[in-house]
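Trainee: Quick one: sequence and predicted model below, then my questions.
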Amino acid sequence: DAKTTQPPSMDCAEGRAANLPCNHSTISGNEYVYWYRQIHSQGPQYIIHGLKNNETNEMASLIITEDRKSSTLILPHATLRDTAVYYCIVRVVGAGGTSYGKLTFGQGTILTVHP
Amino acid sequence: DAGITQSPRHKVTETGTPVTLRCHQTENHRYMYWYRQDPGHGLRLIHYSYGVKDTDKGEVSDGYSVSRSKTEDFLLTLESATSSQTSVYFCAISGSGDTDTQYFGPGTRLTVL
């Protein structure tokens, strides 16, 4: 799986948009971009994923650049409960059979939302 | 949230004793995974299963064994626990094909004294 680079920490004011960047310059054509977050002491929580088109769900939006070498996770109206470590992961999807799309967690970005 | 439970949620044991952690899912997903999380290492895959009685090793499988006799249950066993196995253990599940997003359980905090 491609290596990702994220800033170690970011701050955001409550109610503002949080924009978390991720670089994945060696991504392959069959690798998706996934975002998870982990709130202290809890299991990682799936947020969103995409291949090359921008994606939006009830939690966040994912913007992937045209060359797919970077992406941005957007939390439109951050709340204190969004304080967490955010992980950007690239992985192959749908290997099937005895294989699996390996999920490699890096160090992530610690997002702190303050009042 | 995906229907995944882990038991026990917390356990303290002594070096050399056997320990079994249980992961139970209600989603009927094919794939199940065991990860451990330690400071400075992120999450690392221990073992995974791609069906009943079908399992394979992950990147840190030494000292661990697994079993899956039913779709819904995936057991992780430490045959003889060591202090280096003190960690937080997470179970995850996924379907297959293009929808194989992994969903994680709440975790088990294991302390080996």
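Mentor: The structure has been received and is ready for your questions. Given the structure is predicted, the values throughout are model-derived calculations rather than measurements.

Trainee: what helix or strand is the nearest residue to A:Ser9 once chain neighbours are set aside on?
Mentor: Spatially, and ignoring its direct neighbours in sequence, A:Ser9 is nearest to A:Ile110 (4.5 Å; C-beta to C-beta, 6 or more residues apart in numbering or on different chains). Every residue, glycine included, has its C-beta placed from N, CA and C. Per DSSP states H and E: A:Ile110 is located in strand A:109-114.

Trainee: Name the residues that touch that strand?
Mentor: For strand A:109-114, the surrounding residues in contact (C-beta atoms under 8 Å, 6 or more residues apart in numbering or on different chains) are A:6-14, A:18, A:20, A:37, A:78-86, A:88.

Trainee: Could you verify that A:Arg81 is part of a strand?
Mentor: No. Read with DSSP: H, G, I helix; E, B strand; the rest coil, A:Arg81 is helix and lies in no strand.

Trainee: For chain B, see how far away the residue nearest to A:Thr72 when sequence neighbours are not counted is.
Mentor: With sequence-adjacent residues excluded and distances taken as C-beta to C-beta, 6+ apart, A:Thr72 is closest to A:Ile63, at 4.6 Å. Separation of A:Ile63 from chain B (C-beta to the nearest C-beta, to the nearest Å): 19 Å.

Trainee: Mind listing the strands the strand holding A:Ile110 pairs with, and their directions?
Mentor: Next to strand A:109-114 in the sheet, as set by DSSP bridges, lie strand A:9-13 (parallel), strand A:84-92 (antiparallel).

Trainee: chain center to it, what's the gap?
Mentor: With C-alpha atoms, centre = their mean, to the nearest Å as the basis, strand A:109-114 stands 14 Å off its chain's centre.

Trainee: then that strand to PDB, C-alphas only?
Mentor: Listed next in PDB are the C-alpha coordinates belonging to strand A:109-114 (Å, rounded to 0.1, in the frame of the first residue of the first chain):
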ATOM      1  CA  THR A 109      -3.200  13.900  12.600                       C
ATOM      2  CA  ILE A 110      -4.400  14.800  16.000                       C
ATOM      3  CA  LEU A 111      -7.200  17.300  15.500                       C
ATOM      4  CA  THR A 112      -8.100  19.400  18.500                       C
ATOM      5  CA  VAL A 113     -11.400  21.300  18.300                       C
ATOM      6  CA  HIS A 114     -11.500  24.100  20.800                       C
END
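
Trainee: Please identify the buried residues of that strand?
Mentor: With burial defined by 16 or more other C-beta atoms under 10 Å in any protein chain shown, the residues of strand A:109-114 counted as buried are A:Thr109, A:Leu111, A:Val113.

Trainee: Residue numbers of chain B in contact with chain A?
Mentor: B:31, B:33, B:42-43, B:45, B:48, B:50, B:54, B:56, B:88, B:90, B:92, B:94, B:96-98, B:100-107 (C-beta under 8 Å from any C-beta of the partner chain).

Trainee: and these, which of them are in helices?
Mentor: Using DSSP state H, no member of those falls in helices.

Trainee: Which of those are buried, as a ChimeraX select command?
Mentor: In ChimeraX syntax, the buried subset of the residues of chain B next to chain A is picked out as below (16+ other C-beta under 10 Å):
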select /B:31,33,42,43,45,48,50,88,90,92,94,96,100,101,102,103,104,105,107
